[in-house]
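Participant: Kindly generate the corresponding structure for this input.
(one chain, ligands or ions: 1)
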Amino acid sequence: MAAQAVLRSSAPARLLSGSFYIRKGVLASWQHYQSRRPFSNEKVLVELDESTVMKMKNPPVNSLSLDVLTEFSISLEKLEIDRGCRGVILTSAFPKIFSAGLDITEMCGKSAEHYAAFWRAVQEMWLKLYGSNMVTIAAINGSSPAGGCLMAMCCDYRIMADNPKFAIGLNETQLGIVAPFWFKETMVNTVGNRVTEQSLQLGQMYPAPDALKIGLVDKLVTEEKVQSTAVAAMSQWLAVPDHARQITKSIMRKPTIDNLVKHREADINNFVSFITKDSIQKSLQVYMDRLKQKK
Ligand SMILES: CC/C=C\C/C=C\C/C=C\C=C\CC(=O)SCCNC(=O)CCNC(=O)[C@H](O)C(C)(C)COP(=O)(O)OP(=O)(O)OC[C@H]1O[C@@H](n2cnc3c(N)ncnc32)[C@H](O)[C@@H]1OP(=O)(O)O
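Facilitator: Alright, predicted model coming up:
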C-alpha cells in the first residue's frame, strides 16, 4: 500500500519538496545531512559514496530471513523519503552470492502465525522495491536463485558478473513449491510470457550468459567491474528527469502492484495453507537435507 501511495503521489510531492528545500535553506540542509549519513544496520548496509549502495550481508548466503526482509524494507523506505537520494544500487557484501532467496528455515516447522508474518514481510519487500520511485540497479555479483532473482527483477536494470558458475532464476518448482502469481508477473514483465512459462515450470536456473540471452539480466561484466558498471549506469539513468521517469515506471508497474495489493490477504492465506501441508514441509526438508549433504 505504501509503495502504491509512493508511486501515485511522489512525483509531484518530490517536486513540491524541492521548492521547500530551496526556501527553507539551512533547515533543509541540516535535514539533508542527517538523512545522508550511512545507516548502520546489521544485515543490510547502506553506503552513501559515489552512489547509494544497499549491501545485503547475512552470512553465509544472504538468505532472506524475516529479519533481513524487515531491515531491507525499513532501509529502503528511509532512502525513499530522503530527498537527496534518487537512485540505489542493490548488491551483496559477499563475493559469489547475491542472495540464496527466501530463508527456507523460515518456512519449515514454524507456526501459522510465523508463516503469515514472514509472507507479509516478503510482500512488503516486493511492494517497496518494485514500487520504488528511485532508480534501482541490481549489481548481481553471484548466484541468485528464487527470492534473490525476484529482488533483482524488481530493479530497473540488472548487471551480472560474467561467470557461468553464477546462476539466476525462479527455481521454486525444484523445491516442490510454487512461485506465487506476483513472482510470475514480475518475471513476465521482465522476460515475457513464453520464457516465464517454461522457466517457472522447470524451475530453471540460468547461468549468467544464458540469463543475458533471455533478457533476465541486461549486461554482463567481469566480477571486479560489477559495482563500477552499476555506478556508471546509475548516472545514465539519473540524467533523465525524475518526474517523467517515475511516472513512466508507475504506468508500467502499477497494474502488477495493484494486483497484489488487492489480493494481499488472500495471498497470505494461500501461502499459509500451502506451506503448512505435510507434503510441502517434507519436500522442503528433503531439499534442505540435500543442500547440507552436497558438501
Ligand atoms: C499455490 C501457491 C500459493 C502460495 C505460494 C506458495 C509458496 C511459495 C513459497 C515460497 C517461495 C519461495 C521462494 C524462495 O526464495 S525459496 C528459496 C530457494 N533458494 C534456493 O533454492 C537456494 C538454495 N541454495 C543454493 O542453491 C546454494 O546454497 C547457493 C548457490 C545459494 C550457495 O551455494 P554454496 O555452495 O556457496 O553454499 P551452500 O553450502 O549450498 O550453503 C551454505 C549454507 O547456507 C544454507 N542455505 C543455502 N540456501 C539457503 C536458503 N535459501 N535458506 C536457508 N539456508 C540456506 C545451506 O543449507 C548451508 O547451510 P550449512 O552451512 O550446511 O548449515
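Participant: quick one: secondary structure of the residue nearest the centre of the chain?
Facilitator: Central residue of the chain (Cα atoms, centre = their mean): Met151, 2.4 Å from the mean position. Following DSSP: H, G, I helix; E, B strand; the rest coil, we place Met151 in the helix state.
Participant: wouldn't it be in contact with Leu90 here?
Facilitator: Yes - if you go by Cβ atoms under 8 Å, Met151 and Leu90 touch, sitting 6.7 Å apart. Bear in mind the C-beta positions are built from the backbone N, C-alpha and C, glycine included.
Participant: Now list whatever residues contact both of these two.
Facilitator: 129, 138 (Cβ atoms under 8 Å, 6 or more residues apart in numbering).
Participant: now the end-to-end length of stretch 54-70.
Facilitator: By Cα to Cα, to the nearest Å, the extent of stretch 54-70 from end to end equals 14 Å.
Participant: Please work out which residues outside it touch it.
Facilitator: So stretch 54-70 is contacted by 42-47, 72, 75-76, 79, 88-94, 97-106, 114, 117-118, 121-122, 124-125, 147-148, 151 (Cβ under 8 Å, 6+ apart).
Participant: Intersect the residues you listed with the contacts of the ligand.
Facilitator: Contacts with the ligand within these, counted by Cβ under 6 Å from any ligand atom: 97, 100-105, 147.
Participant: Which positions in the chain make contact with the ligand?
Facilitator: Counting by Cβ under 6 Å from any ligand atom, the chain sits next to the ligand at 60-61, 63, 97, 100-105, 143, 145-147, 171-172, 175, 177-178, 180, 270-271, 274, 291-292.
Participant: quick revisit: pull out the buried residues from the contacts of stretch 54-70.
Facilitator: Neighbour-count burial (16 or more other Cβ atoms under 10 Å) applied to the contacts of stretch 54-70 gives 43-46, 72, 75-76, 79, 88-94, 97-104, 106, 118, 121-122, 124-125, 147-148, 151.
Participant: Give the next helix or strand downstream of the helix or strand hosting Leu76.
Facilitator: Remark: Leu76 resides in helix 66-80, with elements defined by DSSP states H and E. The helix or strand immediately downstream of helix 66-80 is strand 87-92, counting by DSSP H and E.
Participant: Hey, what's the angle from that next one to helix 66-80? Just curious.
Facilitator: Orientation check (axes from the mean of the first three to the mean of the last three Cα atoms, to 10 degrees): strand 87-92 against helix 66-80 gives 160 degrees.
Participant: So what touches strand 87-92?
Facilitator: Against strand 87-92 from outside (Cβ under 8 Å, 6+ apart): 51-57, 62, 76, 79, 98-99, 129, 132, 134-142, 151-152, 155, 226-227, 230-231, 234, 237-238.
Participant: Show me the residues you listed that map onto helices.
Facilitator: Among these, the residues falling in helices (DSSP state H) are 76, 79, 129, 151-152, 226-227, 230-231, 234, 237-238.
Participant: Scan the residues you listed and report the most crowded one.
Facilitator: The most crowded member of the ones in helices among the contacts of strand 87-92, judged by other Cβ atoms under 10 Å, is Ala152 (28 neighbours).
Participant: All set now, cheers.
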